[in-house]
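Enquirer: Here is my input, please return the structure:
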Amino acid sequence: MSKRTWICVPCRKAYLRKKSLISVECPSCHGPCEYVHWASRVPSPNKTKAWDEFIAQHKAYKARMEADDRVVRESQEINKSSQRTKRSPAEIRVAYLEAICTPLIKTLNHSAALPANQLAGHAANLDFWVSEAKHCLAVIDGYQERFARLRAGQAEYERQHNVLGPGTPLRRGTKDRGRQELRRAVCEAIERFLSRCHREGLLSEEALKASLAALGCFDKTQKAIRWSFHTQKEREHAATEK
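Expert: Just a heads-up that it's a prediction; the model follows:
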């Protein structure tokens, strides 16, 4: 029966063991031995120089093998990750609505909670934030019309070019409920931001009302103004008591 060569580096000893073994313990120090490639010629441990050169070559070979194994493992992980993150065109369309609305919602909510001096910096760009909110609302509200044009355009092309077969089915990127929730979150975030600016004296009543009306939040205008005035009166009352 053929055997495999194992070495104990600290003890400078070599052992022949059955090929079926996957690990070998050194009889002298009871530490783990290392497998030596079958093509390697193991010198006598008594020949110090030859043994040291052999050990150096063995360690270099072992390091190369470990590096190769690491590259293979990392490549497999990358492939698995890319397969998990692959998305269909429908999922990409869903992500577009969220990609333009979610950062704006987070930014407006964060800005509305800032100290007054930092809020003033964001209020200086009020027109920009209102414009961004209007754009997000327009994208949400125009979804149905865009989807209808998409479906009609594809159907017309298939008719003109005699495209046969089922093809890729058209699916709505997001449900009505999801778009409604996203729209509500955008409206609440911009309303919270504008109302806080009004509360801190950075936005007049007329400007607040005009901004909310321009955003299509006219029904919420009175509520927002009453909240702002109520907070302002409380602040004035507190200042009087001082």
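Enquirer: Quick check: which element contains the residue sitting furthest away from the middle of the chain?
Expert: Ranking residues of the chain by C-alpha distance from their mean position (CA atoms, centre = their mean) puts N46 at the top, at 59.3 Å. Taking DSSP states H and E as the criterion, N46 maps to no regular element, lying outside all helices and strands.
Enquirer: can you give me phi and psi for it?
Expert: The phi and psi values for N46, taken as degrees, to the nearest 10, are phi -70, psi -20.
Enquirer: begin at 7 from here
Expert: Sure, I'll start counting at 7 from here, so that last one is N52.
Enquirer: and it, how far is that from R18?
Expert: From N52 over to R18 the distance is 9 Å, taken as CB to CB, to the nearest Å. To be clear about C-beta, it is placed using only N, CA and C from the backbone, and glycine gets the same treatment.
Enquirer: ditto for Q124
Expert: When CB to CB is the yardstick, Q124 and R18 sit 69 Å from each other.
Enquirer: out of these two, which sits in the more crowded spot?
Expert: Counted by other CB atoms under 10 Å, Q124 and R18 do not tie: R18 has more neighbours, with 15 against 11.
Enquirer: who touches the closest residue to the more buried one other than its chain neighbours in this structure?
Expert: Computed as CB to CB, 6 or more residues apart in numbering, the closest residue to R18 that is not its neighbour in sequence is P51, at 4.3 Å. Going by CB atoms under 8 Å, 6 or more residues apart in numbering, P51 touches R18, K19, A20, W57.
Enquirer: Which one of these is nearest to S46?
Expert: For these, the minimum distance to S46 (CB to CB) is 10.4 Å, reached by A20.
Enquirer: Which SSE is immediately downstream of the helix or strand where the closest one lies?
Expert: In this structure, A20 sits in strand 19-24 according to DSSP H and E. For strand 19-24, the following helix or strand on the C-terminal side (DSSP H and E) is strand 40-41.
Enquirer: which residues are in contact with that next one?
Expert: Everything outside strand 40-41 that qualifies as a contact, by CB under 8 Å, 6+ apart, is R10, T11, W12, I13, C14, V15, V30, H64, K68.
Enquirer: hmm, which two among those residues are most spread apart?
Expert: For the contacts of strand 40-41, the farthest-apart pair by CB to CB is R10 and V15; their separation is 16.4 Å.
Enquirer: State the mean pLDDT of stretch 192-205.
Expert: Regarding stretch 192-205, the rounded mean pLDDT is 93.
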